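Novice: based on what follows, work out the 3D shape:
(chains A and B)
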Amino acid sequence: MTLAIHDTLSGEKRPFTPRDPSRVTMYVCGPTVYNFAHIGNARPVVVFDTLFRLLRQTYGEGAVIYARNITDVDDKINQAAIDQGVPISVITDRFTDAYHADMDALGALRPTIEPRATAHIDAMLAMIGRLIENKAAYAAEGHVLFDTQAFPDYGKLSGRSIDDMIAGARVEVAPYKRHPADFVLWKPSKPGEPEWPSAWGAGRPGWHLECSAMVETTLGLPIDIHGGGHDLIFPHHENEIAQSRCADHAPVYANYWMHNGFLTMDAEKMSKSLGNVLLVHDLIKQVPGEAIRWALLSAHYRAPLDWTGDLLVQSRKSLDGLYGALQDANTLLGENDYDPEVWDQPQVAAKLTAIRDALEDDLNTPRAIAGLFELSKALRALLNDAGEREALNQIGLYRDALVAAGSLLGFLQVDPETWFQGGADDDLKTKVEALLQARIEARKAKDWPTADRIRDELNALNVVVMDNPEGATWRLADSAG
RNA sequence: GGCCUGAUGGCGGAGUGGUGACGCAGCGGACUGCAAAUCCGUGCACCCGAGUUCGAUUCUCGGUCAGGCCUCCA
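Specialist: Numbers count the residues shown, from 1 in each chain, chains lettered A, B, ... in the order given. Presented below is the predicted three-dimensional model:
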């Protein structure tokens, strides 16, 4: 099977054909760095990271160029700098670092390129120049505006006509606009705000222009895939298309447009006024990033996703099951050698193929996740009658396959011990080991009251004990919620 | 007001014109000193109405409900 992508522009699922298989290009709109990223911001990151992984496996790691911008010039950044009485760069540096740390925690690979808007002002100004030259933009009162009348395809991506937009307009139209739908390419800065000199007066770029310029400079037109949140379709992506195509007389800006669905919090939109903004920065202190990633990928990327405490609990338990199988396999295999003729085994190969097929079918992560469970189930079955010597090869094979399949989705990449005990600090681990040892002694002596009392103590430490004939293992109880 | 999505079991969530994956939770049993983990077994759903069809959860139309965009927004 080959990759098929649902393309917003054509409205259909189309087979993916890159312009150049040795240089596959993908651009995703990144953060405006004025605050911590919330869980809704994380959805496109995780979704397109999964696509990035799939593309890299298909075309080769060096053949996929994934650009995700950092918007570091913006009204909200300016406001934050004023509010906190610090230079703009203090804000942007701080939240760029935080963004990296948070997305790393979700298992997202870093993009190939992360262009910053402020490093591409020249390209933006050059683009404005070309737009004016091509009669697709005009200067007025210190602003430069895009002339939407100059672009017949305006509205095609979002499926709306300019007339519809005017009919539904709820904002006052700035007097210097020729047409209500025209949008800003360049605008004057207020005193104290960052500004750059230009032929149209000192000022700063409009947000839509930033992405167009960075796409051109970092990837070159047309790009293969352009992604982002559903809410960016209009006006942001619509405007990007208009600018780039008019600036360069380009017939195509991006060959495939992908948009992830919105995330709601307990069925409500996340908003500051509702006070339900959940920051990744806070969440990863409470639950493993992998469980958050799982929750984000548990629904198809185009479907809406309702974020609830229960979703996180279920996600974590699902991962417990898979890591449990891996742990048991590791325990059994121990130092034993096995023959890793992994990928030629037809039954394993079929299961791996099913997972790949699911992802290649417009990134059907729920189906791919089901495939992970298929592998896990098969691994469990082998573990349950592992008396046979030759079963070790099979177990090793399935164990490796599960980890390999997981890597495609960004799961199962840590040691099971780390997954189950990683939340414990060294003090706790020492304490637990001591209690566990004492309990093993008690059990040997068949002193059940003492054994049970110690287990209660461990439970109080949020530790779950699992006895086995030789001794016992432990894991931290789930505390997600 | 304009434009656009979606509605599957207790929960999450795929999918299909012909008896509805997968996961979480539940229930019964096995194992265990008792548990946990694991194993075996098991109950439960396709929003409403009409149409097309031999047959619709799947296609069409209408309705209801929910959500999104039209303004910064993932």
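Novice: A:Arg68 and A:Pro44 touch, don't they?
Specialist: No. Contact criterion CB atoms under 8 Å: A:Arg68 and A:Pro44 do not qualify, at 9.2 Å. Where you see a C-beta, it was placed from the backbone N, CA and C, and this is true even at glycine.
Novice: quick one: common contacting residues for these two?
Specialist: Common neighbours of A:Arg68 and A:Pro44 (criterion: CB atoms under 8 Å, 6 or more residues apart in numbering): A:28-29.
Novice: got the confidence number for the residue in chain A that RNA strand B sits nearest to?
Specialist: At 1.4 Å from RNA strand B, A:Gly229 is the closest residue in chain A, using CB to the nearest atom of the strand. pLDDT for A:Gly229: 92.
Novice: helices of the stretch 201-350 of chain A, start to end?
Specialist: Listed in chain order, the helices of the stretch 201-350 of chain A (DSSP state H, counting those that start in this stretch) span A:207-218, A:238-248, A:280-283, A:289-297, A:309-333, A:346-360.
Novice: pLDDT below threshold where in the stretch 351-481 of chain A?
Specialist: In the predicted model of the stretch 351-481 of chain A, residues A:386-390, A:478-481 satisfy pLDDT under 70.
Novice: which parts of it sit against RNA strand B?
Specialist: Residues of the stretch 351-481 of chain A lying near RNA strand B by CB under 7 Å from any atom of the strand: A:361, A:364, A:366-367, A:369-370, A:373-374, A:377, A:380-381, A:384, A:443, A:448, A:451-452, A:455, A:464-468, A:472.
Novice: now the helices of the stretch 201-350 of chain A in JSON lines, with mean neighbour count?
Specialist: Output for the helices of the stretch 201-350 of chain A, formatted as JSON lines (neighbours: other CB atoms under 10 Å):
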{"stretch": "helix A:207-218", "mean neighbour count": "25"}
{"stretch": "helix A:238-248", "mean neighbour count": "25"}
{"stretch": "helix A:280-283", "mean neighbour count": "18"}
{"stretch": "helix A:289-297", "mean neighbour count": "25"}
{"stretch": "helix A:309-333", "mean neighbour count": "18"}
{"stretch": "helix A:346-360", "mean neighbour count": "17"}
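Novice: contacting residues around stretch A:440-448?
Specialist: A:450-451, A:454, A:467, A:471-472.
Novice: of those, just the buried ones, PyMOL syntax please.
Specialist: Command for PyMOL that selects the buried part of the contacts of stretch A:440-448, burial taken from 16 or more other CB atoms under 10 Å:
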select buried, chain A and resi 451+454+472
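Novice: nearest to A:Arg178, of the contacts of stretch A:440-448?
Specialist: A:Ala472 (76.4 Å; CB to CB).
Novice: which residues touch the closest one?
Specialist: A:Ala472 sits in contact with A:436, A:439-440, A:465-466, where contact means CB under 8 Å, 6+ apart.
Novice: I'd like to know how far it sits from A:Asp320.
Specialist: A:Ala472 sits 18 Å away from A:Asp320 when distances are taken as CB to CB, to the nearest Å.
Novice: distance to A:Lys13 added to the helices of the stretch 201-350 of chain A, as CSV?
Specialist: Output for those, formatted as CSV (distance: least, CB to CB, whole Å):
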stretch, distance to A:Lys13
helix A:207-218, 24
helix A:238-248, 20
helix A:280-283, 30
helix A:289-297, 19
helix A:309-333, 27
helix A:346-360, 11
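Novice: and those: which comes nearest A:Asp104?
Specialist: So among these, helix A:289-297 is nearest, using CB to CB, at 8.1 Å.
Novice: contacts for that closest one, please.
Specialist: Contacts to helix A:289-297, defined as CB under 8 Å, 6+ apart, come from residues A:39, A:42-43, A:46-47, A:50, A:105-108, A:263, A:280, A:283-284, A:305, A:307, A:311-312, A:315-316, A:318-319, A:365-366, A:369, A:409-411, A:414, A:419, A:480.
Novice: and stretch A:145-160, by the same measure?
Specialist: Residues contacting stretch A:145-160 (CB under 8 Å, 6+ apart): A:8-9, A:11, A:131, A:134-139, A:161-162, A:164-165, A:176-179, A:181-185, A:233-235, A:237-239, A:241-243, A:245-246, A:257.
Novice: moving along the chain from the lowest-mean-pLDDT helix or strand in chain A, name the first helix or strand you hit.
Specialist: Ranking every helix and strand in chain A by mean pLDDT, DSSP states H and E puts helix A:162-168 at the bottom, with a mean of 60. Counting by DSSP states H and E, the next helix or strand C-terminal to helix A:162-168 is strand A:183-187.
Novice: so which elements touch that next one?
Specialist: helix A:121-133, strand A:143-146, strand A:204-205, helix A:207-218 (3 or more CB pairs under 8 Å, 6 or more residues apart in numbering; DSSP states H and E).
Novice: now mean pLDDT and distance to A:Tyr154 too, for the ones you listed, in CSV please.
Specialist: Formatted as CSV, those follow (pLDDT from 0 to 100; distance: least, CB to CB, whole Å):
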stretch, mean pLDDT, distance to A:Tyr154
helix A:121-133, 95, 14
strand A:143-146, 93, 9
strand A:204-205, 92, 20
helix A:207-218, 94, 12
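Novice: ok, back up a step: now the contacts of stretch A:440-448 in JSON lines, with secondary structure?
Specialist: Output for the contacts of stretch A:440-448, formatted as JSON lines (DSSP: H, G, I helix; E, B strand; the rest coil):
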{"residue": "A:Thr450", "secondary structure": "helix"}
{"residue": "A:Ala451", "secondary structure": "helix"}
{"residue": "A:Ile454", "secondary structure": "helix"}
{"residue": "A:Asp467", "secondary structure": "strand"}
{"residue": "A:Gly471", "secondary structure": "coil"}
{"residue": "A:Ala472", "secondary structure": "strand"}
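Novice: highest neighbour count among the contacts of A:Ala472?
Specialist: Scoring the contacts of A:Ala472 on neighbours with other CB atoms under 10 Å, the highest-scoring entry is A:Arg439 at 23 neighbours.
Novice: so that residue sits in a helix?
Specialist: Yes. Checked against three-state DSSP, A:Arg439 lies within a helix.
Novice: can I assume it is in contact with A:Asn459?
Specialist: No. In this structure, A:Arg439 is not within contact of A:Asn459 by CB under 8 Å, at 11.7 Å.
Novice: ok, now how distant is A:Phe146 from A:Ser244?
Specialist: On the measure of CB to CB, A:Phe146 and A:Ser244 end up 11 Å apart.
Novice: ok, now A:Pro288?
Specialist: Per CB to CB, A:Pro288 is found 40 Å from A:Ser244.
Novice: need phi/psi at the residue of chain A most remote from its centre.
Specialist: Centroid-distance maximum for chain A: A:Ala445 at 52.3 Å, with CA atoms, centre = their mean. Per-residue torsions, A:Ala445: phi -80, psi 10 (degrees, to the nearest 10).
Novice: what number of residues lie near the closest residue to the residue of chain A closest to RNA strand B other than its chain neighbours?
Specialist: Spatially, and ignoring its direct neighbours in sequence, A:Gly229 is nearest to A:Pro44 (5.4 Å; CB to CB, 6 or more residues apart in numbering). Close neighbours of A:Pro44, defined as other CB under 10 Å, add up to 25.
Novice: same check, this time on the one 5 residues further on
Specialist: Neighbourhood size, A:Asp49 [other CB under 10 Å]: 26.
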